[in-house]
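1. whatever this is, show me its structure:
(one chain, ligands or ions: 1)
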Amino acid sequence: MAEILVCKHDSNVPRSKTAMVNLPGVGVYIANAVLCFAYGESAPIVDTNVSRIMMRVYGIDKNVSGQAERSFDVLDACDRILPPIHAREFNWALLDLGALVCRSIKPRCNVCPVSEHCSYANESGSAIDR
Ligand code: SF4
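-> The predicted structure follows:
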């Protein structure tokens, strides 16, 4: 990768997502993370935790959708809510929300700032961890 960056990109990491995913070992997640955290661009960072939040909030059913469809739905949901500015802070907040509040087991819906808008929290009182 270092050789390619030196030879084809004037020793810089490209700012284009297409160019970045063509680098060896770089996928969409890393490309978006670099675009967002290094260059401050509005790009979604979708890890397991963020994916779980999107699926719960938007009611993306993991049992109904296939994996490819689900990934598309999750990425689409992230794209729609990503703000044009302060994307870094937004992505950090989502990563923290997934790690600390919207936990895999026993999500803490009672302290969650998006519970009013969340399908999972609103579908049943038993989803709320009080
Ligand atoms: S309300 Fe509950 S399920 Fe919904 S995002 Fe918050 S913690 Fe997760």
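
2. buried residues in the helix or strand Phe90 falls within?
-> Phe90 is part of helix 87-96, with elements assigned from DSSP states H and E. Neighbour counts over helix 87-96 (16 or more other CB atoms under 10 Å) mark Ala87, Arg88, Phe90, Asn91, Leu94 as buried. All C-beta spots, glycine's among them, are computed from the backbone N, C-alpha and C.

3. export it as PDB, just CAs?
-> The C-alpha coordinates for helix 87-96 follow below in PDB (Å, rounded to 0.1, in the frame of the first residue of the first chain):
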ATOM      1  CA  ALA A  87     -19.900  14.200  11.000                       C
ATOM      2  CA  ARG A  88     -17.000  13.300  13.200                       C
ATOM      3  CA  GLU A  89     -18.800  14.200  16.400                       C
ATOM      4  CA  PHE A  90     -22.000  12.500  15.100                       C
ATOM      5  CA  ASN A  91     -20.100   9.300  14.400                       C
ATOM      6  CA  TRP A  92     -18.300   9.300  17.700                       C
ATOM      7  CA  ALA A  93     -21.700   9.800  19.400                       C
ATOM      8  CA  LEU A  94     -23.200   6.900  17.600                       C
ATOM      9  CA  LEU A  95     -20.200   4.600  18.400                       C
ATOM     10  CA  ASP A  96     -20.600   5.600  22.100                       C
END
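
4. just the helices in the protein please.
-> Using DSSP state H, the helices found in the chain span residues 2-8, 17-21, 28-33, 48-57, 67-81, 87-96, 119-123.
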